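Novice: next come a sequence and a model predicted from it.
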Amino acid sequence: MSGTNVELSGSERNTNRFFNTSAFTLPATATFGNLGRNTIIGPSLTNLDMVIAKNIALTEAVKLQLRVECFNLFNHPNYNIVGRIINDPTTFGKVLSQLDPRQLQFD
């Protein structure tokens, strides 16, 4: 649909409707559509990893290291794949997967 905005406002966007799916229509049979490249930009990535390490000398030759590693510290949801096949109405415009949530590792 000409002139229809593809992006949704923050309050309208959710995992079941990541972009405005009503802005798209199927082209006529045996023809190509007129949609340009990179019309829809996928979800952004927000990530902060952190490491806290403590080195302890037990003897002059033997050392011990204690580590705490945290991946995705603030547990921000990072969406991975959004359905982009217009012929598949069950997935078109929906978030299909998500990257890993916060992970803690103690070494």
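Specialist: Thanks, I have it. This one's a predicted model, so the numbers in the text were calculated from it and none came from an experiment.
Novice: flag every buried residue along stretch 82-89.
Specialist: By 16 or more other CB atoms under 10 Å, the buried positions in stretch 82-89 come out as 82-84. Every C-beta, even on glycine, is put in place using the N, C-alpha and C of the backbone.
Novice: ok, stretch 38-46 next?
Specialist: Neighbour count says stretch 38-46 has Pro43 buried, by 16+ other CB under 10 Å.
Novice: low-confidence stretches in this structure?
Specialist: 1-2 (pLDDT under 70).
Novice: okay, which residue is most central for it?
Specialist: Tyr79 (2.4 Å; CA atoms, centre = their mean).
Novice: what's near enough to touch Gly10?
Specialist: Neighbour list for Gly10: empty [criterion: CB atoms under 8 Å, 6 or more residues apart in numbering].
Novice: name the element it belongs to?
Specialist: Using DSSP states H and E, Gly10 sits in no helix or strand.
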